[in-house]
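In: Just need the structure, nothing else, for what follows:
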Amino acid sequence: MTVGLITRDANGNITANMTTKLSQAEGSVITNRQNGSIGISLPAGREYFYVISPLEDSQRTAGKKPGVTITQNRLEWAYAIPSGFVMNCEIFYGYY
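Out: Residues are numbered from 1 along each chain as shown. Got it, this is the predicted structure:
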């Protein structure tokens, strides 16, 4: 049985359905233009996500963001750039 909140307008149309999994932000880390990793603790059985936000101008396409890997216990990032420069970024992570 699904549990949550469903609201409807006067015509019976659903205006909000909060019976599905909502996203939950857990934290963030600043890369300092270096490869790295941190230990994290996310709930098992959920979908994990991340968003990379540049903290400086990319100068069109010369600035490169890191690649990110996320698991329940670890967030890792690495820069692999054949040209351009590494950008300082903030990586936000969480689950839904």
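In: Pairing partners for the lowest-mean-pLDDT helix or strand in the chain, with directions?
Out: The weakest-scoring helix or strand in the chain, judged by mean pLDDT, DSSP states H and E, is strand 14-17 (a mean of 81). Its sheet considered, strand 14-17 pairs with strand 6-8 (antiparallel) by DSSP bridges.
In: First-to-last residue distance for stretch 40-57?
Out: Stretch 40-57 has an end-to-end distance of 28 Å (Cα to Cα, to the nearest Å).
In: wait, stretch 28-37
Out: One end of stretch 28-37 to the other measures 12 Å (Cα to Cα).
In: Contacts made by it with the rest, please.
Out: Residues outside stretch 28-37 that contact it (Cβ atoms under 8 Å, 6 or more residues apart in numbering): 38, 55, 66, 74-79, 86-93. The C-beta positions use only the backbone N, C-alpha and C, and glycine is treated the same way.
In: how about that stretch: buried residues?
Out: By 16 or more other Cβ atoms under 10 Å, the buried positions in stretch 28-37 come out as V29, T31.
In: Rounded mean pLDDT for that stretch, please.
Out: Here stretch 28-37 scores 97 as its mean pLDDT.
In: before we move on, could you check phi and psi at S37?
Out: The phi/psi pair for S37 (degrees, to the nearest 10) reads phi -160, psi 160.
In: Buried ones in the helix or strand where V68 lies, by neighbour count?
Out: Following DSSP states H and E, one finds V68 within strand 67-70. For strand 67-70, the neighbour count (16+ other Cβ under 10 Å) marks V68, I70 as buried.
In: Which pLDDT does the model give I70?
Out: On the pLDDT scale, I70 gets 97.
In: Identify the residues contacting it.
Out: Counting by Cβ under 8 Å, 6+ apart, I70 touches I40, Y48, F49, Y50, E76, Y93.
In: ok, so of those, who is nearest L22?
Out: Within the contacts of I70, proximity to L22 (Cβ to Cβ) peaks at F49, which comes in at 12.1 Å.
In: Let me know whether the closest one touches V68 as I believe.
Out: No: in this structure F49 lies outside contact range of V68 using Cβ atoms under 8 Å: 10.1 Å.
In: circling back: give the buried subset of the contacts of I70 as a PyMOL selection command.
Out: Applying 16+ other Cβ under 10 Å to those, the buried members can be selected in PyMOL as follows:
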select buried, resi 40+48+49+50+93
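In: That'll do, ta.
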